[in-house]
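Trainee: give me a 3D structure for the following:
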Amino acid sequence: MKSVLIKNAKIVNEGTIFEGDVLIENEFIVEIAETISAKSSSTKIINAEGNYLIPGAIDDQVHFREPGLTHKGDIASESRAAVAGGITSFIEMPNTNPQATTIELLEDKFKIASEKSIANYSFMFGGTNDNLEEILKVNPKTVAGLKLFLGSSTGNMLVDNDEVLEKIFASTPLLIAVHCEDETTIKNNLAKYKEEYGDDIPMKFHYLIRSEEACYLSSSKAIELAKKTGARLHVFHLSTAKEMKLFTNKIPLEEKKITAEACIHHLWFTNEDYDKKGSLIKWNPAVKTQADKDALWEALLDDRIDVIATDHAPHTLEEKKNPYTSAPSGGPLVQHAVVAMFEAFHQGKISVEKIVEKMAHNPAKIFKINKRGFIKEGYYADLAIVNAGLPWSVKKENILYKCGWSPFEGYTFKSRITHTFVNGELVYNNFKVKDVHPGMRLEFDR
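Mentor: Okay, the predicted model is just below:
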């Protein structure tokens with residue numbers, strides 16, 4: 001039996017921080033107490049004095065690019081980056097190549113992950129205009145949910161048939177996660193800027209092309225449909241102040257049928273950063289204004305927004321250097337997401353307890369993930385130790401993404417992830433990722 005004892009940690013769980021010890025045996029947390037003695041001489045002891053022990057983050061929206069797009073990233077490389085960033089479980093999107101729009105293709109991805117992933121994993125099934133029959137075969141206990149693109153993005157899996165959309169919403173018991181941007185609005189905006197600039201549109205106009213109105217039209221329509229059909233809706237990567245009025249904090253999360261997510265980049269960058277960062281911060285939906293960012297923070301802190309995720313979506317630098325119309329949207333974030341939120345903690349914007357709630361507890365609750373997302377006896381030992389006073393700078397040589405770049409390159413974070421455990425296995429220790437694959441398929445209590 002493998003046993004690890006973490007001593008003197010500031011344990012963060014369910015809105016409290018208390019100093020104590022955590023004993024791990026094999027994959028599980030078996031004891032949490034003020035003080036625990038090692039039961040045998042073979043127990044590995046880690047002194048975490050002065051450091052936070054948090055549940056590993058659960059990232060409910062990543063694009064790890066396998067199969068078919070592995071020059072950008074793959075499950076092995078991006079799960080390495082994830083655990084280095086304190087993310088111990090991920091839910092990956094269906095717009096790979098081929099797209100995961102049949103049960104067979106979905107299971108192919110699970111097989112790859114079972115052989116390669118360091119972190120725990122699940123995958124979204126992809127909805128299209130013509131695969132309702134396949135959607136109805138998906139097992140809610142073994143698959144995270146259904147992803148619908150209501151605005152086209154990488155992979156162009158647009159569901160634009162209103163009749164089909166309503167039928168999907170009315171028919172599936174799965175959690176439906178949506179990318180909301182109105183296609184007609186975007187096309188009209190793009191045509192206007194192309195007329196003036198051709199393909200070389202300045203990146204700073206991205207947020208005006210993929211505009212507030214495009215986001216609001218689409219997200220309000222999805223919410224209306226969810227209310228009409230009773231579907232379980234989760235709205236991904238919100239980016240505008242206007243959309244915040246669509247969500248509530250009047251009921252407990254467990255009772256919400258409509259939940260919301262914000263991503264690191266929309267909480268960090270604004271349109272003022274396009275001049276310096278260019279296509280490196282070109283995302284869909286676009287990074288918008290300071291007022292939008294402020295409204296996202298407000299909604300995050302008052303619980304209208306339930307989850308913080310990454311929408312990690314790597315592309316090569318070569319691809320990113322293309323002119324506006326052919327430079328792909330998306331960027332890599334999993335290695336730096338947790339420390340980016342700890343930066344906000346240092347700035348007095350958010351508490352460590354709230355970070356844990358939004359990055360670990362709430363994703364576990366929303367997706368009903370079995371025995372993960374909390375530091376509790378009997379739960380899987382998915383944990384990260386964070387030293388909040390150990391600065392480090394993001395440099396080419398310590399970026400673990402296969403694409404080799406980060407929008408945070410050159411930035412010095414005040415906090416560092418020092419250790420990460422996945423299912424009780426120490427997978428990351430001070431800039432070194434172990435060559436092990438303890439990641440397990442997530443299971444759902446549905």
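
Trainee: so what secondary structure elements neighbour the helix or strand harbouring residue 356?
Mentor: Element membership for residue 356, per DSSP states H and E: helix 352-356. With contacts taken as 3 or more CB pairs under 8 Å, 6 or more residues apart in numbering; DSSP states H and E, helix 352-356 sits against strand 3-13, strand 16-25, strand 52-55, helix 337-346. Using the backbone N, CA and C atoms, a C-beta is placed for each residue, glycine as well.

Trainee: any idea which of the ones you listed gets closest to residue 321?
Mentor: With CB to CB as the criterion, residue 321 lies closest to helix 337-346 of the helices and strands packed on helix 352-356, at 24.5 Å.

Trainee: any buried residues in the closest one, and which?
Mentor: Neighbour-count burial for helix 337-346, counted by 16 or more other CB atoms under 10 Å, picks out 337, 338, 339, 340, 341, 342, 343, 344, 345.

Trainee: pLDDT and distance to residue 314 added to these, as CSV?
Mentor: Below are the buried residues of helix 337-346 laid out as CSV (pLDDT from 0 to 100; distance: CB to CB, whole Å):
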residue, pLDDT, distance to residue 314
337, 98, 14
338, 99, 18
339, 98, 18
340, 98, 16
341, 98, 20
342, 98, 22
343, 98, 21
344, 98, 23
345, 98, 26
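
Trainee: nearest to residue 380, of the residues you listed?
Mentor: residue 338 (18.1 Å).

Trainee: which residues are in contact with the closest residue to that closest one other than its chain neighbours?
Mentor: With sequence-adjacent residues excluded and distances taken as CB to CB, 6 or more residues apart in numbering, residue 338 is closest to residue 86, at 4.1 Å. The neighbours of residue 86, taking CB atoms under 8 Å, 6 or more residues apart in numbering as the test, are 54, 56, 57, 338, 339, 384, 386, 417, 420.

Trainee: now do 7 Å
Mentor: Each residue near residue 86 by CB atoms under 7 Å, 6 or more residues apart in numbering is listed here: 56, 57, 338, 384, 386, 417, 420.

Trainee: that older thread, quick one: which of the buried residues of helix 337-346 is nearest residue 256?
Mentor: Nearest to residue 256 among the buried residues of helix 337-346, counting by CB to CB, is residue 341 at 22.0 Å.

Trainee: circling back to that earlier point, just the contacts of residue 86 now: which is nearest residue 233?
Mentor: Checking the contacts of residue 86 against residue 233 by CB to CB gives residue 57 as the nearest, at 22.7 Å.

Trainee: which strands and helices lie in contact with the longest helix seen in the chain?
Mentor: Criterion DSSP state H: the longest helix present in the chain is helix 212-229. Where contact means 3 or more CB pairs under 7 Å, 6 or more residues apart in numbering; DSSP states H and E, helix 212-229 is packed against helix 162-171, helix 183-197, strand 233-235.

Trainee: tell me the mean pLDDT over that helix?
Mentor: Averaged over helix 212-229, pLDDT sits at 97.

Trainee: ok, and what's touching it?
Mentor: Here helix 212-229 makes contact (CB under 7 Å, 6+ apart) with 150-151, 165-166, 169-170, 178, 180-182, 185-186, 233, 235, 239-240, 242-243, 246, 257-258, 285, 288.

Trainee: what of stretch 9-22?
Mentor: Applying CB under 7 Å, 6+ apart, the contact partners of stretch 9-22 are 5-8, 29, 32-36, 48, 51-55, 352-353, 356, 361, 374-375, 385.

Trainee: now for residue 73: which residues touch it?
Mentor: Residue 73 sits next to 64, 65, 314, 401, 402, 403 when contact means CB under 7 Å, 6+ apart.

Trainee: what's the closest non-adjacent residue to the last one?
Mentor: Yep, that's residue 403 we're talking about. Nearest non-adjacent residue to residue 403 (CB to CB, 6+ apart): residue 314, at 4.1 Å.

Trainee: looks like that neighbour contacts residue 404 (just checking).
Mentor: No. Using CB atoms under 7 Å, residue 314 is not in contact with residue 404; the gap is 9.1 Å.

Trainee: can I get the helices and strands packed on helix 352-356 in JSON lines with distance to residue 266?
Mentor: Output for these, formatted as JSON lines (distance: least, CB to CB, whole Å):
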{"stretch": "strand 3-13", "distance to residue 266": "24"}
{"stretch": "strand 16-25", "distance to residue 266": "27"}
{"stretch": "strand 52-55", "distance to residue 266": "22"}
{"stretch": "helix 337-346", "distance to residue 266": "12"}
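
Trainee: so which strand or helix has the residue located most distally from the centre of the chain?
Mentor: Computed with CA atoms, centre = their mean, the residue of the chain farthest from its C-alpha average is residue 41, at 38.8 Å. When elements are assigned from DSSP H and E, residue 41 belongs to no helix and no strand.

Trainee: what does the pLDDT read for it?
Mentor: 92.

Trainee: and what of the one 10 residues further on?
Mentor: Predicted confidence (pLDDT) for residue 51: 98.

Trainee: show me the contacts for it.
Mentor: Counting by CB under 7 Å, 6+ apart, residue 51 has contacts 9, 10, 385, 386, 387, 418.

Trainee: distance-wise, check the closest residue in space to the fourth one that isn't next to it in sequence relative to residue 118.
Mentor: Spelled out, that is residue 386. Spatial nearest neighbour of residue 386, chain neighbours left out: residue 52 (4.4 Å); criterion: CB to CB, 6+ apart. Residue 52 is 22 Å from residue 118, where distance means CB to CB, to the nearest Å.
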